[in-house]
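S.K.: Sequence first, predicted model second:
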Amino acid sequence: MAKACSLDLRERVMEYLEKGRTQAETAEVFHLDRKTIYRWIKRKEKGMLAASKNNIRKPKKIDLEKLRLYIINNPDKTLGQIGREFGVSGIAILYRISQLGTY
C-alpha cells in the first residue's frame with residue numbers, strides 16, 4: 001500500500017485549486033492522480049482533509065524461531081496440526097515455513 005500524502009501537501013493542493021486552477025492542471029503540477037484530488041476535495045468538504053488510515057502492521061502471531069524448533073522436534077506433524085498448536089491456520093504455517101527458507 002502506498003504511503004499517505006502529508007497534510008501539508010494536501011493543503012497546498014487545496015490552495016492551488018482555490019486560486020482557480022482545474023483538477024487536471026493541479027494533478028499535473030503536483031504529480032497526483034485526478035481521482036486523488038477529487039477524494040481530497042470531498043474530504044475537505046467534510047472537514048477531514050488529513051489522512052485517516054493507520055498503516056501500522058500488527059506483529060506476526062507466529063514466532064519463526066519457535067516454529068523452526070517445533071518442526072525440528074515434531075517432524076511428523078501436518079500443517080493443520082501445527083496450526084492448531086500455534087492458534088492459526090495451516091496456510092499461515094505454510095507461509096511462515098516458506099519464510100524460513102530451509103524446509
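M.R.: In hand now; what should we look at?
S.K.: from what I can see residue 27 touches residue 34, true?
M.R.: Yes - Residue 27 lies in contact with residue 34 (Cβ atoms under 8 Å); the separation is 4.7 Å. (Each C-beta comes from the backbone N, C-alpha and C, glycine too.)
S.K.: These two: who's more crowded?
M.R.: Counted by other Cβ atoms under 10 Å, residue 27 and residue 34 do not tie: residue 27 has more neighbours, with 18 against 13.
S.K.: For the helix or strand hosting that one, list every residue counted as buried.
M.R.: Secondary structure from DSSP states H and E places residue 27 in helix 23-30. By neighbour count, with 16 or more other Cβ atoms under 10 Å as the criterion, the buried positions of helix 23-30 are 23, 26-27.
S.K.: Serialize the residues you listed to CSV and add fields for pLDDT and distance to residue 10.
M.R.: What follows is the buried residues of helix 23-30, written out as CSV (pLDDT from 0 to 100; distance: Cβ to Cβ, whole Å):
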residue, pLDDT, distance to residue 10
23, 94, 14
26, 95, 12
27, 94, 13
